[in-house]
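[1] how would this look folded up:
(4 chains)
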Number of protein chains: 2
Amino acid sequence: MKPLPTIEDVARRSGVSTATVSRVLNTPERVRAETRDKVVAAVAELGYTPHFGGRALASNRTNTFGAVIPTMENAIFARGLQALQEALAEAGATLLVATSGYDPEKEAQQVRALLSRGVDGLVLIGESHGSDVYEMLERRGMPFVLVWTWRPDCPYPCVGFDNRASARAIAEEVLRQGHREIAMISGISQGNDRAEARILGVRDALAVEGLELRPERLIETKYSLEAGRKAAQELLAETPRPTAILCGNDVLAAGALSAARAAGLSVPDDLSITGFDNIDLSAVVSPSLTTVNVPHRRMGNTAARMLLSAARGETADRCIAFRTEIVRRDSLGPAPAN
Amino acid sequence: MKPLPTIEDVARRSGVSTATVSRVLNTPERVRAETRDKVVAAVAELGYTPHFGGRALASNRTNTFGAVIPTMENAIFARGLQALQEALAEAGATLLVATSGYDPEKEAQQVRALLSRGVDGLVLIGESHGSDVYEMLERRGMPFVLVWTWRPDCPYPCVGFDNRASARAIAEEVLRQGHREIAMISGISQGNDRAEARILGVRDALAVEGLELRPERLIETKYSLEAGRKAAQELLAETPRPTAILCGNDVLAAGALSAARAAGLSVPDDLSITGFDNIDLSAVVSPSLTTVNVPHRRMGNTAARMLLSAARGETADRCIAFRTEIVRRDSLGPAPAN
DNA sequence: TTGTACGCGTTATCAG
DNA sequence: CTGATAACGCGTACAA
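    Numbering: from 1, shown residues only, chains lettered A, B, ... in the order given. Okay, the predicted model is just below:
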């Protein structure tokens, strides 16, 4: 394990002081061009890279941001995260991604880990987090932004969309098609405000028609294709059979689609299915999914901007809402005559 | 931005020296239980977390490992990465994930960034990396392991499977079904040894039958559903039309499936399609994909083990190959009688 | 078992 | 524009 070259090695080799090397690296404009060139050359020759720990210690900044997401195993957060990462990279910053597995305790642990790594700011998914998490963040004035969520009066900086209103919108669309026997497959709502809001949105829409989402018509399950398939299987076994299944996300909807196929039902003739999130998958399954498009990349970009400016000390604790829209494809049709 | 509590704060509050606090944190067994309790209490009360930079600086270890993957935007690496992360977490270590976007230059950059962060080891995908990357790693004796790849005589520690042999196996299966008009949709092989090996494997199988993969029958494209769809569309426009399309991964295959549907072709009656990787998606598209199962999670776990032991100084520079198997589902059928 | 004191690599302050 | 030098927070010989 050879020792890495240090700033001192560079200084020696270029015949200047370590202070000057540091300046060349951080504020090149404050160094005479001639000196700068010598240093740059030495850096290149030695393959020198500043030691991250040393830098963090001395400057108390890391130019690093953290994100804690529930899981990498489904594609839901991938696009937004990628955008976040790209936007940060463009500003020369790095993104550290950690996962919580939808477990609040593990999330707190990951937040703590990121803080001890000296991140300059944090992205969290959604609004429901342990009070210890909020406490940690506020106690030390750590910039953070909640993404994937937005609601009127959200007390924290957030960038997202109104999950409840969006779910309501797609439910209304389903009702407009004449469906009255409606079921829903949702993610586990406990500790997941997005899932919860989507359920509430569906209930809102049903209530207007004097309908309700009966307990046996609502299955909460983990977000996976297989779970979606199983849940739909259960729902389809009941009588009367639902004519439409609203899903809390596209992954669940794709699973439901496969259950419908297995049950010999035609979608959308016998059964309508809707998704949520508009991930790539939703366009390519058969039939293609009617779903809610959410602005993945814009959320990521905006979160990056907010974080960067907050880290610079510019206080811009705003909440930003993006609009969603319904993507009409083939999995939603009129309720069967019957 | 409140200052974080330091080890000194903890020491003061518990009436011991900083050295003792450090010992409580790192080698608790060397501290009297009574003293230990006082310190632990103080740590809890202050919400103290060791400063990462300081620790890295003093100990020259970070208990952190890095992985550079091409992209998070498709699900291919998600499962393996998750397993890697979990296995490392179990050992108290952290995983840093960076993406290269299939760009060698960006990859080198990310490796450099991870090194300067003081990672104790590195995971890279595949075998083809810039010589600068290998040089950096070897110059400083940094433990690393290549995953997702394996071949006889691989000169570096790796854990994966034989992409070429696996591709050959599924191609043989296709030939066994009587197909002779065979096309392939591959990822970009330039700088991607897995993609390249899979092409070679297919060629191997065809050669045995005296067939070859003609240039117009091989499309290399980026890994996305949309790209797969487009490529298949092109291939299907030619005459004679291929009766089987082998895809370099499941995402491409799912895209191809959707193109076939759009063209009014029945799979597998008119056209057979095969995938590679056996990601969740492959079981849920319609028809379900015949594909090659690769041991995502076992690769992740094993890579973690190798890295951890290498970081402990135990030199175990071995290559490990897992077996793959063909998953027979519905997208592959006999060649049409014609 | 515990405390003292030094060094890790970098940045920032202050002179020059 | 540049150089000395004092932090920064922690681990660890060494001494007690």
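[2] quick one: the residue in the stretch 101-250 of chain A that DNA strand C sits nearest to from residue A:61, how far?
    Residue of the stretch 101-250 of chain A nearest DNA strand C, by C-beta to the nearest atom of the strand: residue A:118 (12.4 Å). Backbone N, C-alpha and C define where each C-beta goes, glycine included. Using C-beta to C-beta, to the nearest Å, residue A:118 is found at 8 Å from residue A:61.
[3] And for residue A:276?
    38 Å.
[4] Neighbour count: these two, which is higher?
    Ranked by neighbour count (other C-beta atoms under 10 Å in any protein chain shown), residue A:276 and residue A:61 place residue A:276 first, with 31 against 12.
[5] The more buried one contacts residue A:198, correct?
    Yes: using C-beta atoms under 8 Å, residue A:276 is in contact with residue A:198, at 6.6 Å.
[6] hey, what's in contact with both of the two?
    A:166-167, A:248 (C-beta atoms under 8 Å, 6 or more residues apart in numbering or on different chains).
[7] buried set for stretch A:111-126?
    Neighbour counts over stretch A:111-126 (16 or more other C-beta atoms under 10 Å in any protein chain shown) mark A:111, A:113-126 as buried.
[8] So which bits of chain A are right by DNA strand C?
    Proximity of chain A to DNA strand C is confined to A:3-4, A:6-8, A:18-19, A:21-22, A:25-26, A:48-51, A:53-55, A:57-59 under the rule C-beta under 7 Å from any atom of the strand.
[9] In contact with the residue nearest in space to the middle of chain A, which residues?
    For chain A, the residue nearest the mean C-alpha position is residue A:77 (4.3 Å; C-alpha atoms, centre = their mean). Listed by C-beta under 8 Å, 6+ apart, the contact set of residue A:77 reads A:69-71, A:125, A:148.
[10] Recalculate using a threshold of 6 Å.
    residue A:69 (C-beta atoms under 6 Å, 6 or more residues apart in numbering or on different chains).
[11] What score does it have for pLDDT?
    In the prediction, the pLDDT value recorded for residue A:77 is 89.
[12] Is it correct that it falls within a helix?
    Yes: judged by DSSP: H, G, I helix; E, B strand; the rest coil, residue A:77 forms part of a helix.
[13] how deep is the closest residue to residue A:188 other than its chain neighbours tucked in, by neighbour count?
    With sequence-adjacent residues excluded and distances taken as C-beta to C-beta, 6 or more residues apart in numbering or on different chains, residue A:188 is closest to residue A:220, at 5.0 Å. By other C-beta under 10 Å, 18 other residues sit near residue A:220.
[14] Distance-wise, check residue A:220 relative to residue A:273.
    For residue A:220 relative to residue A:273 (C-beta to C-beta), the value is 17 Å.
[15] show me the contacts for residue A:79.
    residue A:296.
[16] One more pass at 8 Å, please.
    Counting by C-beta under 8 Å, 6+ apart, residue A:79 has contacts A:279, A:296-297, A:300, B:73.
[17] re the thing from before, just the buried residues from the residues of chain A next to DNA strand C, in ChimeraX please.
    A single ChimeraX command is used to select the members of the residues of chain A next to DNA strand C judged buried by 16+ other C-beta under 10 Å:
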select /A:4,6,7,21,22,25,48,50,51,53,54,55,57
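[18] So what pairs up with the residue nearest to residue A:188 in the strands?
    Following DSSP bridges, residue A:220 is listed with bridge partners residue A:186.
[19] Could you check the pLDDT of it?
    98.
[20] in the sheet, who's paired with residue A:274?
    Beta-bridge partners, per DSSP bridges, of residue A:274: residue A:246, residue A:290.
[21] and residue A:213, which of the three is it?
    Residue A:213 - assigned by three-state DSSP - is coil.
[22] is it true that it touches residue A:186?
    No: applying C-beta under 8 Å, one finds residue A:213 not in contact with residue A:186, separated by 9.8 Å.
[23] in what helix or strand does residue A:68 lie?
    strand A:64-69 (DSSP states H and E).
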